[in-house]
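Trainee: quick one, what's the 3D model for this:
(one chain, ligands or ions: 2)
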Amino acid sequence: MIISIASGKGGTGKTTIAASLALSVPGARILDCDVEEPNCHIFIKPEIKEKTSIYIPVPEIDKNKCDYCGKCKQVCMYNAIAVLNKTTLVFTELCHGCGACSYFCPQKAIKEVNKEIGFIEIGKKDNLSFIHGKLNIGQAMSPPLIKAVKKYINSAKVNIIDAPPGTSCPVVESVKGSDFCILVTEPTPFGLNDLILAVEVLRKLDIPFGVVINRSDLGDKKTDVYCENENIPILMRIPFRQEIARAYSKGQPIVEAFPEYKKDFQDLFNTIKNGKFS
Ligand code: SF4
Ligand code: SF4
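Mentor: Ligands and ions are numbered 1, 2, ... in the order given. Down below sits the predicted model:
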């Protein structure tokens, strides 16, 4: 089973909720797909046992063969190639490594060379498996690294994916294929605005989802009203407690700082597994 944890905006407490859920399901795996700024490891504190560099194939032009026909530029969906004044330029920072340019080059003037975009680390915390990806500084293309992290999904296990915040490409790449997505929000106008955007994305992807409201006793009731009108289940409410905020700032997930929450997270998992939303 794959459960992803996402949020339309940053700062909602998504990662501490992902970590708490993973720590409450025996034998689970947590995959941190927020590769631009992974921070699950701060909460889980795994022992890292393996590190693997991740590469994508980027084009290298053979100037002796290239006749500047521009076909490679035409087929590149990511504007990673420019052809001007008898020069063919490749912007590897924009390249997704799809291979289309080399496939379509009539002169066979393109060779693919590996470019390192980041790395994956694999570790353990007790019986919880931990996988995260980290994008190299200056590297803009996170989807290929997210794909590489998701190769470690084990379909026989419960896989918890911590998705990046927002609603852009990396979020779509992270959550697609999930059996269920938990949207973490807070009951504020900004929280609601970004929740609505995230709901639109999940509905387009046809992924079942529900909402967890963090700091649920602050803000207003508009999130509740929206969820009720849209028939979106509210799966859990976590009230604001200064002690939770303090534990968060020390890198302690909720269930570690307050073990009484473990049952709530186990109930959350069982609700999702059994599909029984009220
Ligand atoms: S498609 Fe090939 S020959 Fe044409 S401009 Fe690109 S590299 Fe050069
Ligand atoms: S490999 Fe794909 S993304 Fe990269 S330059 Fe070629 S066509 Fe563009």
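
Trainee: please name every helix or strand in contact with the longest helix anywhere in the chain.
Mentor: Counting by DSSP state H, the longest helix found in the chain is helix 189-205. Under the contact criterion of 3 or more C-beta pairs under 8 Å, 6 or more residues apart in numbering; DSSP states H and E, helix 189-205 touches helix 169-175, strand 180-185, strand 209-214, helix 222-229. Yep, even glycine has a C-beta here, placed from its N, CA and C like the rest.

Trainee: now the one residue in the stretch 151-278 of the chain that gets nearest to ligand 1. Nearest residue, chain neighbours left out?
Mentor: Ranked by C-beta to the nearest ligand atom, the top residue of the stretch 151-278 of the chain for proximity to ligand 1 is Cys169, at 25.4 Å. Counting by C-beta to C-beta, 6 or more residues apart in numbering, Pro143 is the residue found nearest to Cys169 once chain neighbours are left out, at 5.8 Å.

Trainee: in the longest helix of the chain, what's buried?
Mentor: The neighbour-count check on helix 189-205 (16 or more other C-beta atoms under 10 Å) flags Gly191, Leu192, Asp194, Leu195, Ala198, Val199, Val201, Leu202 as buried.

Trainee: in TSV, list these along with pLDDT and distance to ligand 2.
Mentor: Conversion of the buried residues of helix 189-205 to TSV gives the following (pLDDT from 0 to 100; distance: C-beta to the nearest ligand atom, whole Å):
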residue	pLDDT	distance to ligand 2
Gly191	88	35
Leu192	92	36
Asp194	92	29
Leu195	93	33
Ala198	94	27
Val199	96	31
Val201	94	23
Leu202	95	27
